[in-house]
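**Q** make a model of this:
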Amino acid sequence: QVQLVESGGGLVQPGGSLRLSCAASGFTFSSFAITWYRQAPGKERELVAYISGNGLGTNYAGSVKGRFTISRDNTKSTVHLQMNSLKPEDAAVYYCKTRLGVVDYWGQGTQVTVSS
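**A** So this is what the prediction gives:
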């Protein structure tokens, strides 16, 4: 079955960095795009970054452009989100998602806390 598992979250000080990972299984990984979303308490889930199946296409939310980098390793069925210069407003639960046909599959999320 399709499975997405996020990892790498934690507590970091403002200005610090974290690297999130999304490990996938159960589908032909290189054929499908992966999107990172985040949701802070009391806010709607928002798109953070997107990467195409072959890794050649990426897109970012304006709020993270220049600070976050999405990448993928299709040999390991893993997508990474490198987050630099973190701000308190980046604190949220981060999720990865893929869409197979008309069905969206989500991971369980990983918590990112940005605080001094």
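**Q** what ranges does this protein have for its strands?
**A** Along the chain, the segments classed as strands by DSSP state E run 3-7, 10-12, 18-25, 34-39, 46-51, 58-60, 68-73, 78-83, 92-100, 103-106, 110-114.
**Q** which parts of the fourth one are buried?
**A** In terms of neighbour count (16 or more other CB atoms under 10 Å), strand 34-39 has its buried residues at 34-38. All C-beta atoms are positioned from the backbone trio N, CA, C, and that covers glycine.
**Q** the longest one too?
**A** Judged by neighbour count using 16+ other CB under 10 Å, the buried positions of strand 92-100 are 92-98.
**Q** pLDDT and distance to L81 added to those residues, as TSV?
**A** Output for the buried residues of strand 92-100, formatted as TSV (pLDDT from 0 to 100; distance: CB to CB, whole Å):
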residue	pLDDT	distance to L81
A92	98	12
V93	98	13
Y94	98	7
Y95	98	11
C96	98	8
K97	98	12
T98	98	14
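**Q** please name the residues that touch W36.
**A** The neighbourhood of W36, defined by CB atoms under 8 Å, 6 or more residues apart in numbering, consists of 20, 22, 47-50, 70, 79, 81, 94-97.
**Q** repeat that for W106.
**A** Under the criterion of CB under 8 Å, 6+ apart, the contact list for W106 reads 4, 95-97.
**Q** hmm, 7 Å instead?
**A** W106 sits next to 4, 95, 97 when contact means CB atoms under 7 Å, 6 or more residues apart in numbering.
**Q** output the residues you listed as a markdown table; include the columns distance to V112.
**A** Below are these laid out as a markdown table (distance: CB to CB, whole Å):
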| residue | distance to V112 |
| --- | --- |
| L4 | 17 |
| Y95 | 11 |
| K97 | 16 |
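**Q** closest one of those to L11?
**A** Nearest to L11 among these: Y95, at 18.5 Å, using CB to CB.
**Q** ok, the closest one to V64 distance?
**A** Remark: distance between Y95 and V64 (CB to CB, to the nearest Å) = 15 Å.
**Q** so, low pLDDT: which residues of the protein?
**A** For the chain, not a single residue meets the criterion pLDDT under 70.
**Q** quick check, central residue of it?
**A** When CA atoms, centre = their mean is applied to the chain, the residue found nearest the centroid is W36 (3.2 Å).
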